[in-house]
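Trainee: Would you be able to build a 3D model of this:
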Amino acid sequence: MYKDVNILLVCTGNIFRSASAEYLFKQYLDDIGEERFNVDSAGMKGDIEKTMDVKTEQELRERGIDAADHESTKLTEDHVDWADTIISMADHHQRKLYEEYNAYSYLYTEFTDDETKNVDDIGDKYHDVEPSREQVEQHIADTIAYIENTTPTVIENLQYRHFLFREFALGDRDSHINGAPFRPLLENEEALAFLSLDIPETLDNHALVIPREKHQYIDDIPMDTKQDMFKLADQLGSVFTDEHAGYNVVVNNGGAAGQQIFHTHIHVIPREPADNVDIEHWHHTTVGSDKHQTLRSSLIESLNDNS
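Mentor: Here you go, the predicted model:
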């Protein structure tokens, strides 16, 4: 059986957006019989004295949800430590989470079919004017309807990102999301490798290596499992070297590093000159001698602290 996955929804006051999303997520998960997620919510400025607007309660009640006893909850370090995935309703919540807790979060609309945008609070929508009561109620109704309508897509994406690779490893799933049969390319005791669906348009291959057990980050993986993973990556690399000019071995560890599937995986990507696969390039400046020594000393100190 899968280990439970903890999903945390974050907004400002935890009386409108994240609270509504929590209740709607729980209702939908119950409806579809999905028991692998635990869902909670909190606000960057949560305050137990704050209460839901009567319109928010009404909208949820019309959907069969009783939120009359909801209490605003302020985000704490315990919430951050508990969560496997944090979802922010707006980009300023993402920034605050990083600044105050050094925590990465995903924007809610990253899990929907929309372009990346914020789920606005009333003050965000009407930041230049004082809205009428009618405008407030309309915005609440529209926002809750939006969250309700996108909840199935968000949950589907969370299932995919958290459980797809584990289902492959367990043999619980026999096809990719495009319908192609799932067949490992290589296997050993702790890991397996398979062809990715994400093939660079100028190339003909891209393989993934995953541990059989679900580990969200590479830091969490036992050393013997890492060794088995890199053995398979090395075998794939040897084949790619025979047929291509080179290859990349890439691990995206954490959302800020581009991780989208929450089951650690190694990308092994064949490369050709001028293939337009832009992995290894970033904007940079060459640091001077003094700064280089300062950075090195700081890194040595951190390494010693962690040894």
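
Trainee: Please enumerate the strands of the stretch 201-307 of the chain.
Mentor: 207-211, 246-250, 266-271 (DSSP state E, counting those that start in this stretch).

Trainee: which residues does the residue lying closest to Gly46 once chain neighbours are set aside contact?
Mentor: Distances taken as Cβ to Cβ, 6 or more residues apart in numbering place Lys74 nearest to Gly46, at 3.5 Å, with adjacent residues excluded. Bear in mind the C-beta positions are built from the backbone N, C-alpha and C, glycine included. Lys74 is in contact with Asn14, Ala42, Gly43, Met44, Lys45, Gly46, Asp47, Ile48, counting by Cβ atoms under 8 Å, 6 or more residues apart in numbering.

Trainee: could you check the distance from the last one over to Ala274?
Mentor: Put plainly, it is Ile48. 60 Å (Cβ to Cβ, to the nearest Å).

Trainee: Looking at the two, which one has more neighbours?
Mentor: Comparing Ile48 with Ala274 by other Cβ atoms under 10 Å, the one with more neighbours is Ile48, at 10 against 6.

Trainee: pretty sure that one is touching Ser72, no?
Mentor: Yes: contact criterion Cβ atoms under 8 Å: Ile48 and Ser72 qualify, at 5.9 Å.

Trainee: buried ones in stretch 114-124?
Mentor: Residues of stretch 114-124 classed as buried: Asn118, Val119, Asp120, Asp121, Ile122 (neighbour count, 16 or more other Cβ atoms under 10 Å).

Trainee: Let me know the closest of these to Ser298.
Mentor: Nearest to Ser298 out of these is Asn118 (Cβ to Cβ; 35.1 Å).

Trainee: ok, and the closest non-adjacent residue to that closest one?
Mentor: Distances taken as Cβ to Cβ, 6+ apart put Ala90 closest to Asn118, at 3.9 Å, once the chain neighbours are dropped.

Trainee: isn't that neighbour right up against Thr116?
Mentor: No: at 11.1 Å, Ala90 does not count as touching Thr116 under the criterion of Cβ under 8 Å.

Trainee: intersection of neighbour lists for these two?
Mentor: Leu107.

Trainee: Now do Glu71 against Pro131, distance only.
Mentor: For Glu71 relative to Pro131 (Cβ to Cβ), the value is 25 Å.

Trainee: Return the set of buried residues in the longest helix seen in the chain.
Mentor: With DSSP state H setting the assignment, residue counts place helix 133-170 as the longest helix in the chain. Residues of helix 133-170 classed as buried: 136-137, 139-140, 143-144, 146-148, 150-151, 154-155, 157-169 (neighbour count, 16+ other Cβ under 10 Å).

Trainee: now swap in stretch 84-91 and tell me
Mentor: Asp84, Thr85, Ile86, Ile87, Ser88, Met89, Ala90.

Trainee: What is the end-to-end distance of it?
Mentor: Taking Cα to Cα, to the nearest Å, stretch 84-91 runs 19 Å from one end to the other.

Trainee: Pull the worst-scoring helix or strand of the chain on mean pLDDT out as PDB, backbone CA atoms only.
Mentor: Sorting the helices and strands of the chain by mean pLDDT, DSSP states H and E puts helix 122-125 at the bottom, at a mean of 88. Extracted in PDB, the C-alpha atoms of helix 122-125 (Å, rounded to 0.1, in the frame of the first residue of the first chain):
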ATOM      1  CA  ILE A 122     -10.900  40.100  -3.400                       C
ATOM      2  CA  GLY A 123      -8.200  42.700  -2.600                       C
ATOM      3  CA  ASP A 124      -6.100  41.500  -5.500                       C
ATOM      4  CA  LYS A 125      -8.900  41.900  -8.000                       C
END
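
Trainee: can you pull out the helices in the stretch 151-300 of the chain?
Mentor: 223-243, 289-306 (DSSP state H, counting those that start in this stretch).

Trainee: Any idea which of those helices gets closest to Gln216?
Mentor: helix 223-243 (13.6 Å).

Trainee: Can you tell me what sits against the closest one?
Mentor: Helix 223-243 is contacted by residues 185-193, 205, 207, 209-213, 215, 218, 221, 246-247, 249, 266, 268, 270 when judged by Cβ under 8 Å, 6+ apart.

Trainee: Can you turn the buried part of those residues into a ChimeraX selection?
Mentor: Only the buried entries of the contacts of helix 223-243 go into this ChimeraX selection, using 16+ other Cβ under 10 Å:
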select :185,186,190,191,192,193,205,207,209,210,211,212,213,215,218,221,247,266,268,270
